[in-house]
Structure formats: C-alpha cells, structure tokens
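> Quick one, what's the 3D model for this:
(chains A and B)
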Amino acid sequence: MRALKIALAVFVACLIGGTLISAQEGHPLKGSWLGTWGPAKTHSNDLVLVLNWDGKTISGMLNPGTDDAPIKNATLNPDGWVVHLEADVKDKSGVLNYVLDGKIENLSFQNRTIVGTWKNQRESGQLKISRQ
Amino acid sequence: MKSGVTLAFALVAVLLLGTVGSAHHPISAKFDDTKPQTLSGVVTLVDWRNPHVHIYINVRNNNDADNWAIELESPIDLQASGWTKDSVKPGDAITVAGITARNGSRQLWANKITMTGTGKEVLHVTPATPPALLANRPTPRWPDKQPRLGPSAGGAQGYWGFPTSTVLVENNAAIPMDQWGLLKNVADAKRVAPMQPWALALYELRQRRFLQDDPTYINCKPPGGPRQFQIPYGVQFVEDRDRQRIFVLIGGGNNNYRIIYLDGRGHAGQVGGDDDNPLYYGRAVGKWEGESLVVDTRGFNEDFWFTNGGLPHTEQLKLIEKFTRENFDTLKYEVTVDDPGAYTRPWSASWTLRWVTGQEMPRHLCQENRP
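Residues are numbered from 1 along each chain as shown, chains lettered A, B, ... in the order given. Predicted coordinates for the structure are as follows:
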C-alpha cells in the first residue's frame, strides 16, 4: 500500500511538474525534487517536493497526491544557498509541523541537490533530495 | 607494437574529447590565460569541424609520447584568415604557443602555430571587422514606404552582424568585461542590472565559474532574447508581408529562427495547444510605430541564458524590443527587460548592428558534445 502511495505521489508530481522536468536556469529552487527523508514513524522514506517562485514568494507542495501539504514560510538565502521550508501535515493525532532546513549543493548542475535536516514535534532526521 | 601505440593515442584522444562537453565556448570558460605553455610535436590528426577545429599532436615525453588536443577557432574564422584544412597535415612537426585547459587535461588553446623546422608561422587569425561604409545610403523601403529590415528590392544579399555590444548591461554602462560577458571584476556584478539577491548571487556564481555552465555552449540551447543579436555570425530578417510575420534567422548557435507575428494576434495560443509550453524565443507580436518595429515578447522558458555573461531570467520575462533601421547599413536595437521574477524593476539597453552587404550569412553549426 505504501509503495502504491509513493508511486502515486511520484506520478502526480510528474503531472504537476511535467513541464519543469528539464534544464532549468531560473530560480534555483523552482522545479520538482525527489529524494528521501527517513526513516521515520510518521511518514514514508520518500519525499517529493514541487516548488515554484513568483518573484516574491516560494510556494509549492510536499508529497503531492498522498500526504500532500502546502509549503509555507519558505526562504532561500543566496548567501550559502540556504533553504528553509515548512509544511503542516495532518495525521490521526493532529497536525505535525515539519521544518526542513538544508543547503543547495552543485547549484550549477541540473541534478542539483538539497542536503539537510527535517524535524516535527516528534521526530527528526536527515534529508537529501535532487532536482529532477 | 606500432598499432598498439596508435590505438593508445586514439583512445587518449577519445578520452580527451569525452571530458570536454562544451560547444563553441568562450575561451576563458575552458582555458586559463594565466597559464601559457609551448609545445612541440608531430601532428597526428586534423579534425576540421564545427564548432572548433582541433589538431592532435604527439609530444615527446622521455621515451614515450603524450597526445595533446590543440584547439583553434571555428572553420569559418580560420577560413576567413586564409587557413584550410590542409594548412597543417599529419606528420608535420609544429610548435604551438597557447594557454592550458583549466581542468588540467592535455588541451591547449593555440595562439600561435609555427612549423618547427622552418619557423614559418602558420596560424594567424585576423579578427573579422565590419565592412567599410560605402556611403550614407538611405533606408530601403517597401512601396508603402515602410522600412525594410532585409535587403532592398532586387538588391544584393546581406545580413546583420557586428553588434556594437555583445553584452547586456543596463543603459550600456561601461563595466569592464570581455566579449563573452565575463566580468574583469566580479565585484562589478551588481552594476550590470538591477537583480534580485538570488539572481545576483547566481550571476556571480556563473561568473566565478568562467561561464562554463552556459547551456548555449554545453547543449547548443537556442540564444533566445537579446542574445540572438549578440552572438557571432549575425541574423537575417525575412519579411513575409503576405502572411504578416517576420522570420529572424540566426546565423550562429543551432541555426534556428524566431517568428514575430504582425497580424494582431495575442500572445496566447499562437500555435495550437502550446499555451502552457514556454518557448526559447517566447511568443512575439509586433507592430510598426513610425520608423520602428516594436515587438512585445513573453512566454519564455527558463532553459537557456538570454544574454552572454549569464544574467538569469524567469518565465515572467517580458521583452519590449524596438528595431529601427536608421540608414541602409545601421540597425538600432533597443530592449527593455521586464522580469519581476529576477529583477527589481524594468531596465533597458541598446546597440546597433551593421549591414554586411553582398554576403550570405555564415553557416555556423553548434554541435552538441563537440569541444
């Protein structure tokens, strides 16, 4: 069941970000990102982020299609390319506030990555996602 | 044994080719002009192809030999300077003075080549210069007096080349940089255009990497935006008045074209079903305002650099371009860049291009994954 959810999430992300999965020379965060952020009890190991930039605000969706949650309070500090993202994910016990902090690596390359950490009220861990 | 050595050299040459993935690139992106080197060796191969000609030479190294790739200008530039593919041949002993590759591989950009035995200089590239003005010729016009952007009726062929600026800088401010847009001092980056912080940091990063990530040179991506009027080998306008559109043919890069519609259509849905498909050249609609063609272009994708030097842009980019043929030989190009995704306000620049009369546009083909 979990595998099905993951497959569905990736499929939806591809649908949403279909036009973005290509070379991208604009805002460094814009596009679809895929990777891992586990192990954890509260979510799967796989992470999909679809991010956008409107000139003022970074917006997007965390795991679109399954445990989807809109991104909020997102920032990119060009001094070191430091990324901060937040998202509220609902589960049986309420709302978990996820905070993701990381840094863009290999910015000049299409398969750039964000490496960092995540945490919510119960757990924390490492994350690594790559731009698709 | 001999065949084994030859095979080894060939493999080295292939490996060298494999490590360099850029096309017709700024020299500084690949070679370090602070590291001169002189080599003497025997020519093993002359690879006379776009975007850069290569000569491979064996250089003695104790009892062995190293195979070096000597990189030269494009066949077009070499031919313009009197070279042919037979100017040096396999077996010739030559001495090359040049600069070495930044990545430490056995590659050299040649500034000077001489025959080792005679000292005769065989490489002498003369930079192309604009043709001399014949006279102050008036702007050619259509029967309805509208200026023509292409050749005069029944007149000689020609194209637009030799832009007075090959870089995009707000109000043409004098900021030291080379023809490829590489700043002499990265600290000047913020003076180039009113960039948002992320765009400035990205521009500075591209500059510090000597523009080696430029997708126009790595992947032959089209030179969309103002860049089509900055690259070598010129542009040509084909005015299809019956169909109310202008084709801009681009001499360099991957030799493609842009369409400017003059039939009053909007930006969306120019080609059926492509509303959500941003384009390298965007969606361009134009109209004549007196002596000038004013073109409004939007709908760009983010897959390319829209100017030499690597200024960033986003899909929010909108360009207002004004083309004015001031006289027969001069085309004034003015552009206003409006991209709230990357810049803090709209900004402008301009330059002129020269009519290269009596000549066909050079045919230079970018070839992906060719150094």
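
> CA atoms only for stretch B:257-268, dumped as CSV, please.
Taking Å, rounded to 0.1, in the frame of the first residue of the first chain, the C-alpha atoms of stretch B:257-268 are listed here in CSV:
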residue,chain,number,x,y,z
TYR,B,257,14.7,31.0,-36.2
ARG,B,258,12.2,33.2,-34.3
ILE,B,259,8.8,34.3,-35.6
ILE,B,260,7.4,37.8,-35.0
TYR,B,261,3.7,38.0,-35.8
LEU,B,262,2.3,41.2,-37.1
ASP,B,263,-1.3,40.1,-37.7
GLY,B,264,-2.7,41.4,-34.5
ARG,B,265,-2.9,38.0,-32.7
GLY,B,266,-2.3,37.8,-28.9
HIS,B,267,0.5,36.1,-27.1
ALA,B,268,-1.5,33.0,-26.0
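
> For stretch B:182-200, buried residues please.
For stretch B:182-200, the neighbour count (16 or more other C-beta atoms under 10 Å in any protein chain shown) marks B:182-183, B:189, B:192-196, B:198-200 as buried. For glycine as for every other residue, the C-beta is placed from the backbone atoms N, C-alpha and C.

> Roughly how far does the spatially most central residue of chain B sit from residue A:94?
Nearest to the mean C-alpha position of chain B, by C-alpha atoms, centre = their mean, lies residue B:231 at 3.5 Å. Going from residue B:231 to residue A:94 by C-beta to C-beta, to the nearest Å gives 58 Å.

> what does residue B:185 give?
To residue A:94, residue B:185 is 55 Å away according to C-beta to C-beta.

> Kindly report the same for residue A:101.
To residue A:94, residue A:101 is 23 Å away according to C-beta to C-beta.

> In terms of neighbours, single out the busier of the two.
Using other C-beta atoms under 10 Å in any protein chain shown, the more surrounded residue of residue A:101 and residue A:94 is residue A:101, with 16 against 10.

> Got the phi and psi for the residue lying closest to the more buried one once chain neighbours are set aside?
Ranked by C-beta to C-beta, 6 or more residues apart in numbering or on different chains and with sequence neighbours excluded, the top spatial neighbour of residue A:101 is residue A:116, at 5.0 Å. Backbone torsions for residue A:116, taken as degrees, to the nearest 10, come to phi -180, psi -140.

> Can you tell me how far the residue of chain A most remote from its centre is from chain B?
Most distant residue from the mean C-alpha position of chain A: residue A:93, 22.6 Å away (C-alpha atoms, centre = their mean). Residue A:93 sits 37 Å away from chain B, going by C-beta to the nearest C-beta, to the nearest Å.

> quick one: contacts for the residue of the stretch 101-250 of chain B found nearest chain A?
Closest contact between the stretch 101-250 of chain B and chain A, by C-beta to the nearest C-beta, is at residue B:201 (3.3 Å). Contact analysis of residue B:201 by C-beta atoms under 8 Å, 6 or more residues apart in numbering or on different chains lists A:78-79, A:81.

> same deal with residue B:313?
Taking C-beta under 8 Å, 6+ apart as the criterion, residue B:313 is in contact with A:25-26, B:225, B:300, B:302, B:306, B:337, B:339, B:341-342.

> tell me which of those is nearest to residue B:35?
residue A:25 (29.2 Å; C-beta to C-beta).

> Report the residue spans of the chain with pLDDT below the cut-off.
Picked chain A for this. Residue ranges of chain A with pLDDT under 70: A:1-23.

> sorry, should have said chain B
Flagging of chain B using pLDDT under 70 yields the residue ranges B:1-25, B:124-127, B:134, B:272-275, B:367-371.

> List the residues that contact the residue most central in space within chain A.
For chain A, residue A:49 is the residue whose C-alpha lies nearest the centre (C-alpha atoms, centre = their mean; 3.1 Å). Residues in contact with residue A:49 (C-beta under 8 Å, 6+ apart) are A:32-34, A:60-63, A:71, A:85, A:129.

> Closest one of those to chain B?
Using C-beta to the nearest C-beta, those come closest to chain B at residue A:32, 13.6 Å.

> Please name the bridge partners of that closest one.
Bridge pairing for residue A:32 (DSSP bridges) gives the partners residue A:50.

> rewinding a little: pull the most distant pair out of the buried residues of stretch B:182-200.
The widest separation within the buried residues of stretch B:182-200 (C-beta to C-beta) is 21.7 Å, between B:182 and B:196.

> these two touch, right, residue B:70 and residue B:52?
No: between residue B:70 and residue B:52 there is no contact under C-beta atoms under 8 Å: 10.2 Å.

> what does chain B put close to chain A?
Proximity of chain B to chain A, by C-beta under 8 Å from any C-beta of the partner chain, involves residues B:196-198, B:200-202, B:205-206, B:209, B:213, B:215, B:219, B:221, B:276-278, B:301-305, B:312-316, B:340-342.

> and residue B:145, helix, strand or coil?
State at residue B:145, reduced to three classes by DSSP: H, G, I helix; E, B strand; the rest coil: coil.

> Any chance of the backbone angles for it?
Note on residue B:145: its backbone torsions stand at phi 80, psi 0 [degrees, to the nearest 10].

> distance of it from residue B:138?
The gap separating residue B:145 from residue B:138 is 12 Å, by C-beta to C-beta.

> Those two: which has the busier surroundings?
Using other C-beta under 10 Å as the criterion, residue B:145 and residue B:138 rank with residue B:138 on top: 11 against 8.

> so what's residue A:38 up against?
A:44-46, A:125.

> rewinding a little: from the buried residues of stretch B:182-200, pick the one nearest residue A:121.
Out of the buried residues of stretch B:182-200, the member with the shortest distance to residue A:121 (by C-beta to C-beta) is residue B:198, at 31.0 Å.

> so the closest one touches residue A:82, yeah?
No: under the criterion of C-beta under 8 Å, residue B:198 makes no contact with residue A:82, lying 11.5 Å away.

> Need the overlap of contacts for the two.
residue A:76.

> Paired strands for the longest strand along chain A, with orientation please.
With secondary structure taken from DSSP state E, chain A has its longest strand at strand A:94-105. If you go by DSSP bridges, strand A:94-105 pairs up with strand A:82-91 (antiparallel), strand A:113-119 (antiparallel).

> Of all the residues in that strand, which ones are buried?
A:96, A:98, A:100-102, A:104.

> same check, this time on stretch B:225-239
Within stretch B:225-239, the residues that qualify as buried are B:225-237, B:239, counting by 16+ other C-beta under 10 Å.

> Let's see the lengthiest strand in chain B as CSV, backbone CA atoms only.
Taking DSSP E as the criterion, chain B has its longest strand at strand B:31-47. Extracted C-alpha coordinates of strand B:31-47, given in CSV (Å, rounded to 0.1, in the frame of the first residue of the first chain):
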residue,chain,number,x,y,z
PHE,B,31,41.3,27.7,-20.9
ASP,B,32,43.3,29.8,-18.4
ASP,B,33,45.1,32.7,-19.9
THR,B,34,47.4,33.0,-16.9
LYS,B,35,48.9,29.6,-17.8
PRO,B,36,50.8,29.9,-21.1
GLN,B,37,52.5,26.8,-22.5
THR,B,38,54.6,26.0,-25.6
LEU,B,39,54.6,22.5,-27.1
SER,B,40,56.5,21.0,-30.0
GLY,B,41,55.2,17.8,-31.5
VAL,B,42,54.1,15.9,-34.6
VAL,B,43,50.6,16.2,-36.0
THR,B,44,48.6,13.0,-35.8
LEU,B,45,45.1,14.3,-36.8
VAL,B,46,43.4,17.4,-38.1
ASP,B,47,39.8,17.5,-37.0
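
> Good, wrapping up.
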